[in-house]
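> after the sequence you'll find the predicted model.
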Amino acid sequence: MATPSTEFTKAQATFVDAVLEKFNVSAECLTKISDQFVKEMEKGLDHEGATVAMIPSYVSGRCTGEEKGSYMALDLGGTNLRVCYINLLGGGEYSIRQQKYVVSEELKTGPMRNLCDFIADCVDSFLTEHSDADTNSNEVIQLGYTFSFPVLQTGINRGVLKQWTKGFSCSGAVGKDAVINLQDAFRRKNIHVNISAIVNDTVGTLMAYAYKHPQTTMGVIMGTGFNAAYYENMSNVNKWTGEKNQEMVINMECGAFDCERRVLPLNIYDNKMDRESINVGQQLYEKSVAGMYLGEITRNALLDLIDHQFLFNGLSSSELNKNWSFETAYMSTIELDETPDLSETSHILESVLSIPSTSFTDRQIVKKLCTAVGRRAARLASCGLVGTMKKTGKVGHECIIAIDGSLFEFYPNFEKNMGQAIAEVIGEQARSKVKFDLARDGSGLGAAIIAMVSAKH
C-alpha cells in the first residue's frame, strides 16, 4: 500500500509549528527550573507553609531486605482501592495477595464517613475471602494505609488531610486525621485491623524498592499524579524538632512546585486546563507532567487548531468538546502508531471521539502534538530529579531512582526523554551514573514494609 502523501498548506504548517513550539523546553530553561527547585526544597526544609512542603514521613532507617512477617496494605489514591495481604520472606523476597475495588464518583465526592465505611467493607470482604491467609480471626493485623493525598503527618500513623487532589472532594475530611476516620470505621464494623502507618505512595515506592536494593536514593511516582521522596539527614531540616541525628524519608509533595509561576514554561493550553480543574492554581508542576492532565492539555491544543480551521476541516465533535475526554492513554497509542496511514490514530479520532472524518495530514498533526506534549512532560519531570540530586550532592555519583506509575511504565519514550534532559543539565557522564528502575508496588509492598517498621518501633 502506498504511503499517503503529506500535504500541509503553508499557513497550516506555520500555525502547527507555532503550537508545537509552545511545548519546547530548552536546556537553559531546564537548568533554571532545576536550580529553582533546589531553592524551593531548602525553603520547605526550613519552615512550615512553604510551596514545596517537604514533609517528614516519620519513616527512618533503611531496609536490609531481611525483614520478615505478614502485614496488610491499603492503597487509596485514584480510581481503585486496592487491598493487599503481604508476606515478607527475607532476602528481599515477598508474596502478595490482592484485590481491587472500584471507588465510585459518588463516594469520591460524598461524605468522608461513606468512603471510610466502603473501605472497611472492602477490607472485611477481602479478609473473609482470604481467611486462609494465615490469619487467626482474633489476632490484630497491622496495616499500612497508602493515602496518596497531601497530609500533614505528626507521627508514623497520624496524618491530617491538607487538601484533596485527583478528583476527590469528600466533605468532613480536610483538617481531620485520615487514620482516625478509617480506624473508627473498622471499629464500627468490628474488624481486627490496626492502622500502624499512614503512607504516602512515593515514600512507599522508595521503601518497596529498597527492600531488594537497600542503596536506593529516591522514590518517584509518575502516573496519574507526580511526586517524589528521598532520604534526608534530619540535621539539615531546620523545622524538625525531633531527633536530628538520623536519616528520614522526606515526602516532597513537589507537584506543588512553582505555583508562583516563576520558572515553569506554562502556555495557554496549560492555563485553560488549570482554570477548568477542581484545584485551580494548585499543583502546577504536577499538572504539566502527570498523566491525569496531559490528555486535557493536548485536547485544548487540538481545539485551538480546529478553531483556526487547520485541523479536521474545522469540525470538532461533542465528545472532543467535553473536558477531560481526550485521555492520556490515547496519546500513548497515537505516539506508538507506526501504521502507514496512521490507522490506529484514525480509530481513536473517528471511532472513539466521533470526529466526522480525518485526513492523513490531520492524523500526522495529532501525532506530532501528542509527541510534543509527552516529551515536554518528561523533560519537565527530570528537573525535580536533577534538583534533588543537586541538593543531596548526588550529581556525578551512583544514583538509583525507583519510579512507579503508568506514565513512566507505558508512555512511549518517557524514560529516554527524561534521560536526555538530565544529560543536557548535568552532562552525559554524570547522567550515565543515574539509574531509573521501575518499582512496581510502592503502595502495597512499601506500605506493608512501613507497617512492619512502625509495629517494631
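Thanks, I have the structure now. Numbers count the residues shown, from 1 in each chain.
> could you give the number of residues near residue 9?
Residues contacting residue 9 under the criterion other C-beta atoms under 10 Å number 10. C-beta coordinates here come from the backbone N, C-alpha and C atoms, glycine included.
> quick one, phi/psi of it?
phi -80, psi 160 (degrees, to the nearest 10).
> which pLDDT value belongs to it?
If you check residue 9, the pLDDT there is 88.
> for it, give its distance to residue 313.
Between residue 9 and residue 313 the distance is 12 Å, computed by C-beta to C-beta, to the nearest Å.
> avg pLDDT for stretch 423-432?
Stretch 423-432 comes out at a mean pLDDT of 97.
> that one: end-to-end distance?
End-to-end distance for stretch 423-432: 8 Å, by C-alpha to C-alpha, to the nearest Å.
> please point out which parts of that stretch sit buried.
423-426, 430-431 (16 or more other C-beta atoms under 10 Å).
> can you check stretch 39-51 too?
40-41, 44-45, 50-51.
> equivalent analysis for stretch 278-297, please.
In stretch 278-297, counting by 16+ other C-beta under 10 Å, buried: 279, 282-297.
> then stretch 393-400?
In stretch 393-400, counting by 16+ other C-beta under 10 Å, buried: 394-395, 399-400.
> among those, which pair sits farthest apart?
395 and 400 (14.3 Å; C-beta to C-beta).
> tell me the mean pLDDT over the host helix or strand of residue 85?
Here residue 85 sits within strand 80-90, counting by DSSP states H and E. What strand 80-90 shows for mean pLDDT is 93.
> what residues of whatever helix or strand comes next after it count as buried?
Next along the chain after strand 80-90, taking DSSP H and E as the criterion, comes strand 93-102. Buried positions in strand 93-102, judged by neighbour count with 16+ other C-beta under 10 Å: 94, 101.
> which residues touch strand 93-102?
79-89, 118, 122, 126, 129-130, 133, 211, 441, 444-445, 448 (C-beta atoms under 8 Å, 6 or more residues apart in numbering).
> quick check, nearest of the buried residues of stretch 423-432 to residue 35?
residue 425 (9.3 Å).
> what does that closest one show for phi and psi?
phi -90, psi -40.
> going forward, the N-terminal residue is numbered 38.
Got it, the first residue is 38 from now on, which makes the last one we talked about residue 462.
> do I have it right that it meets residue 67?
Yes - look at residue 462 against residue 67 with C-beta atoms under 8 Å: they come within range, at 5.2 Å.
> for the two, list the residues in contact with both.
By the contact definition C-beta under 8 Å, 6+ apart, residue 462 and residue 67 are jointly contacted by 419-420, 423.
> chain center to stretch 379-393: distance?
Centroid separation for stretch 379-393 versus its chain: 28 Å, with C-alpha atoms, centre = their mean, to the nearest Å.
> cool, stretch 274-285 as well?
27 Å.
> do the same with stretch 133-148
Using C-alpha atoms, centre = their mean, the offset of stretch 133-148 from its chain centre is 18 Å.
> same check on stretch 252-259?
On C-alpha atoms, centre = their mean, the centre of stretch 252-259 falls 12 Å from that of its chain.
> how about residues contacting it?
185, 238-247, 263-268, 286, 326-328, 418, 422, 425, 429, 431, 435-442, 444-445, 451, 476, 479, 483.
> avg pLDDT for it?
94.
> what comes up buried for it?
Residues 253-259 are the ones in stretch 252-259 that count as buried (16+ other C-beta under 10 Å).
> as a markdown table, those residues with distance to residue 226 would be great.
Conversion of the buried residues of stretch 252-259 to a markdown table gives the following (distance: C-beta to C-beta, whole Å):
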| residue | distance to residue 226 |
| --- | --- |
| 253 | 37 |
| 254 | 41 |
| 255 | 38 |
| 256 | 32 |
| 257 | 35 |
| 258 | 30 |
| 259 | 36 |
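> turn those residues into JSON lines, including secondary structure and distance to residue 282.
JSON lines is the format used below for these (DSSP: H, G, I helix; E, B strand; the rest coil; distance: C-beta to C-beta, whole Å):
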{"residue": "253", "secondary structure": "coil", "distance to residue 282": "22"}
{"residue": "254", "secondary structure": "coil", "distance to residue 282": "20"}
{"residue": "255", "secondary structure": "strand", "distance to residue 282": "22"}
{"residue": "256", "secondary structure": "strand", "distance to residue 282": "23"}
{"residue": "257", "secondary structure": "strand", "distance to residue 282": "27"}
{"residue": "258", "secondary structure": "strand", "distance to residue 282": "29"}
{"residue": "259", "secondary structure": "strand", "distance to residue 282": "33"}
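> from those residues, which single one is nearest residue 92?
Once C-beta to C-beta is applied, the member of the buried residues of stretch 252-259 that ends up nearest residue 92 is residue 256, at 13.7 Å.
> so the closest residue in space to the closest one that isn't next to it in sequence, which of the three states?
Nearest residue to residue 256, sequence neighbours excluded (C-beta to C-beta, 6 or more residues apart in numbering): residue 243, at 2.8 Å. Here residue 243 is helix, with the state taken from DSSP: H, G, I helix; E, B strand; the rest coil.
> gap between residue 243 and residue 272?
Residue 243 sits at a distance of 20 Å from residue 272 (criterion: C-beta to C-beta).
> so which of the two has more stuff around it?
Per other C-beta under 10 Å, whichever of residue 243 and residue 272 has more neighbours is residue 243, with 34 against 12.
> tell me which residues touch the more buried one, please.
Shown in contact with residue 243 (C-beta under 8 Å, 6+ apart): 253, 255-256, 266-268, 286, 439, 479, 483.
> and residue 90, by the same measure?
Counted by C-beta under 8 Å, 6+ apart, residue 90 has contacts 81, 187, 199, 288-290, 293.
> make a markdown table from these and add pLDDT to it.
Below are those laid out as a markdown table (pLDDT from 0 to 100):
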| residue | pLDDT |
| --- | --- |
| 81 | 98 |
| 187 | 83 |
| 199 | 90 |
| 288 | 94 |
| 289 | 96 |
| 290 | 94 |
| 293 | 96 |
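> top of these by number of neighbours, please.
That'd be residue 289 among these, by other C-beta under 10 Å, with 30 neighbours.
> and that residue, its phi and psi?
phi -70, psi -30.
> from residue 330, how far out is it?
Residue 289 is 19 Å from residue 330, by C-beta to C-beta.
> what do you get for residue 489?
In terms of C-beta to C-beta, residue 489 sits 35 Å off from residue 330.
> what about residue 104, how many neighbours?
17.
> I'd say it and residue 127 touch.
Yes - Residue 104 is within contact range of residue 127, at 7.0 Å (criterion: C-beta under 8 Å).
> just to revisit the earlier point, which of the buried residues of stretch 460-469 sit farthest apart?
461 and 467 (11.2 Å).
> need the contact list for the nearest residue in space to residue 92 that is not next to it in sequence.
Of all residues not flanking residue 92 in the chain, residue 288 sits nearest, at 4.5 Å (C-beta to C-beta, 6+ apart). Residue 288 sits next to 90-94, 190, 237, 239-240, 264, 266 when contact means C-beta under 8 Å, 6+ apart.
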